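Chemist: make a model of this:
(chains A and B, ligands or ions: 2)
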Amino acid sequence: MSSESITQQVPSMSRRSRWARVKKSMGEFSLSLYGWGGYFFLYLPIVILVIFSFNDSRSTAQWSGFTFDWYGEMIHDSQIILSLWNSLFVAVISTIISVVIGTLAAMAMERHVFRGKLLMDAVLYLPIIIPDIAMAIMLLIFFDISGIGFEPWKVSLFGIRLAVPYSVIISHVAFNISFVAIVVRARLAQMDRTLEEAAQDLYADTWQTFWKVTLPMMMPGIMGGALLAFTLSLDDFVITFFTSGAGFNTLPVRVFSMIKKGVTPKINAVSSLMLVFSLALIGISLLLRKGGDEEPTIGIGL
Amino acid sequence: MSDGLAVELRQVVKRFGEVTAVESVSLQIQHGEFFSLLGPSGCGKTTTLRLIAGFEMPTSGDIIINGEMQGHLPPYQRPVNTVFQHYALFPHMTVAQNVAFGLEMKKVSKDEITRRVGEALELVHLGKMGSRRPKQLSGGQQQRVALARALVNRPKVLLLDEPLGALDLKLRKAMQGELKALQEQVGITFIYVTHDQEEALTMSDRIAVMSAGHVFQVGFPEDIYENPNTRFVADFIGETNFLHGTVHRRGPLAEIAIAENVILPARWASDELPAGSSATLSIRPEKILIASGDEKPPSDGEFVSVPGQVAEVVYLGTDTRYVVRIVDGVQTVVRVQNLEMGNKRFKVGDAVMLHWRVEHGRILKE
Ligand SMILES: Nc1ncnc2c1ncn2[C@@H]1O[C@H](COP(=O)(O)OP(=O)(O)OP(=O)(O)O)[C@@H](O)[C@H]1O
Ligand SMILES: [Mg+2]
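Modeler: Ligands and ions are numbered 1, 2, ... in the order given. Predicted coordinates for the structure are as follows:
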């Protein structure tokens, strides 16, 4: 805007300013090119994957017509359905447990001074830093030596019988706690402590202060932590693979064993389904963030 | 009940590790009083307030509210409410829910809560804002909500920590008047923390001046201003001249020598000092009359008269500020109102005579 008006007022500057404008638009163009390139690189494989899940052929390289067949096959593959239920069960249970423990840990870390806090601080975040494979092996060794955990938790959901090894749930809780703790702690750190003092000043005892003020204020953090934990649990392959023992499959583990027999569009269909699921979760988290108050919620980072 | 004290502090000490925030503070605050704690930043005002509220426990000493020892009672069991500096309104509740919070905790009946919340919001002129969130209000409105949230509980004592500190100057002035009027209307004891001397002087019934954890002086605003008992108080409240010298003669009316042959009579601000010890004479700039050499001071009362020479003249609109040199190295500031009738004007270099009433000069310990 302003550069235009200057151009009109001062003709002698017009050539230079026109060049500046060209340069600027070139800059913008190349920047947007980078941007689009990045997106292209990231999302093209995903788009192809989704497209080929509708391919009317066993081939995953050549398009030969549209079909829903692979989705039909997927739904009728009892192994896949079972593993999907396993995944959801493990994710729900481990999320609930890790949200409770992670929130308590976050409060302890943020609000109290105690012996060995520094050590606890470091240890708590260890699962985030160390590679999955190391964690998986450690857990495996732990379950092996202690002999606990491999026996299954037998439940029947909507007529489907699940047998989920405790070891898998324990392992998922183990890595999820850290993520929940980080997200909740960030929220707590932002929270104004005088709000709790105000509650106490208004005759709320410690317990009432927690329920009426602290917990509602932490809620966006807790929800963010829960979604993160749920997604991580659903997506996890390495740790589940190592700690599940024989014969137990979550969806990612099932997909892995299918791939060993060759990639078919059915795998594409399963993957597309997981993608839709993840997108839905992100959508929920965004909605939650908007629905919560205007304060920024740190690091839901799905 | 009415003959007792609203709040009493007995030799209260508060230490945070090495730091002593409050050092043996004793205060007696009457029912219905507007009592201010005034002092510079870091002097322990907030800590004193937090000790009364119960957010901090005293290292030693007693706090008595309404005749009852508070000991280690938690905040939620004390008959006081606080208005926090940054309001501390609950962002996840509406204005009405904020105001209702204390009553709900006290298990007051639903009907009564609705009625009292309505009244409290009316009281602070926010009758229609009940369903809004705190974020949707201006700073001044949030301030009023905080006030309503505290007052609705009808506390024995209301504690206010620089409640106007976050407001701009104009709003602040308006709120000062409103707050004072409100206090008179509800008749609740206010303990008001501020570092703004003007605010304290205009609003308070009594003021406690604090510095470095100590209470230096407690008194009515005029007392504090007219009769400061220490150098710190004289300096912190208003502008003042300090003339350093040695005690020349003791007695009810002392004399202090500020130069070889300049000996000025004045009153003791605190205990008498022996002759020969160093002391400071404090005199407010507006208490000094500036006159030409031949003019006599008014005849009603005893005056101190000192010759001097005008060194600086600053015109300030309503006032003119003169700096007058008495002897080499000793200057005093004189403030003269520019009245309609016209006070005599002086120029730099003029020889003048300074007069002030003996009782306005006060001798302070060094
Ligand atoms: N929790 C605490 N831990 C350690 N030191 C503290 C604590 N609270 C206050 N202090 C110290 O005590 C002293 C008095 O603090 P206080 O907050 O009472 O001052 P104040 O008069 O309210 O100052 P301001 O006008 O800046 O608010 C300061 O030196 C402060 O650093
Ligand atoms: Mg303070």
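
Chemist: so after the helix or strand harbouring A:Phe143, what's the next helix or strand?
Modeler: In the assignment (DSSP states H and E), A:Phe143 maps to helix A:132-146. Counting by DSSP H and E, the element after helix A:132-146 in chain order, helix or strand, is strand A:152-157.

Chemist: extract the C-alpha trace of that next one and format it as CSV.
Modeler: Taking Å, rounded to 0.1, in the frame of the first residue of the first chain, the C-alpha atoms of strand A:152-157 are listed here in CSV:
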residue,chain,number,x,y,z
PRO,A,152,-3.5,-61.9,29.9
TRP,A,153,-6.3,-59.8,31.2
LYS,A,154,-9.4,-61.4,29.8
VAL,A,155,-12.3,-59.3,28.9
SER,A,156,-15.2,-59.5,26.6
LEU,A,157,-16.2,-56.3,24.8
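
Chemist: below-threshold pLDDT in the stretch 201-302 of chain A: ranges please.
Modeler: Low-confidence segments of the stretch 201-302 of chain A, defined by pLDDT under 70: A:289-302.

Chemist: try 50
Modeler: Where the stretch 201-302 of chain A drops to pLDDT under 50, the residues are A:293-302.

Chemist: for the closest residue to ligand 1 within it, grab the count of nearby residues.
Modeler: Relative to ligand 1, the nearest point of the stretch 201-302 of chain A is A:Asp201 (16.9 Å; CB to the nearest ligand atom). Every C-beta, even on glycine, is put in place using the N, C-alpha and C of the backbone. By other CB atoms under 10 Å in any protein chain shown, 28 other residues sit near A:Asp201.

Chemist: tell me what B:Val83 is bridged to.
Modeler: B:Leu160 (DSSP bridges).

Chemist: those strands in the stretch 101-250 of chain A, which residues are they?
Modeler: Counting by DSSP state E, counting those that start in this stretch, one finds strands in the stretch 101-250 of chain A at the ranges A:152-157, A:160-165.

Chemist: just the mean pLDDT for the helix holding A:Phe143, thanks.
Modeler: Mean per-residue pLDDT for helix A:132-146: 88.

Chemist: contacts made by it with the rest, please.
Modeler: Outside helix A:132-146, the residues that touch it by CB atoms under 8 Å, 6 or more residues apart in numbering or on different chains are A:127, A:149-150, A:167, A:170-171, A:174-175, A:236, A:238-239, A:241-243.

Chemist: follow-up on the earlier one: which of the strands of the stretch 101-250 of chain A sits most buried?
Modeler: Each of the strands of the stretch 101-250 of chain A was scored by mean neighbour count; the highest is strand A:160-165, a mean of 16, by mean count of other CB atoms under 10 Å in any protein chain shown.

Chemist: distance from that strand to the middle of the chain?
Modeler: Going by CA atoms, centre = their mean, to the nearest Å, the spacing between the C-alpha centre of strand A:160-165 and its chain's C-alpha centre is 24 Å.

Chemist: go on, stretch A:134-143?
Modeler: On CA atoms, centre = their mean, the centre of stretch A:134-143 falls 22 Å from the chain's centre.

Chemist: and that stretch, which residues are buried?
Modeler: By neighbour count with 16 or more other CB atoms under 10 Å in any protein chain shown, stretch A:134-143 contains the buried residues A:135-136, A:138-140, A:142-143.

Chemist: residues near A:Ser64, how many?
Modeler: For A:Ser64, using other CB under 10 Å, the count is 10.

Chemist: please name the nearest non-neighbouring residue to residue 103.
Modeler: With no chain named, the answer covers chain A. Distances taken as CB to CB, 6 or more residues apart in numbering or on different chains place A:Val184 nearest to A:Thr103, at 5.1 Å, with adjacent residues excluded.

Chemist: look at chain B instead
Modeler: Leaving aside its chain neighbours, B:Leu103 sits nearest to B:Ile113 (4.7 Å; criterion: CB to CB, 6+ apart).
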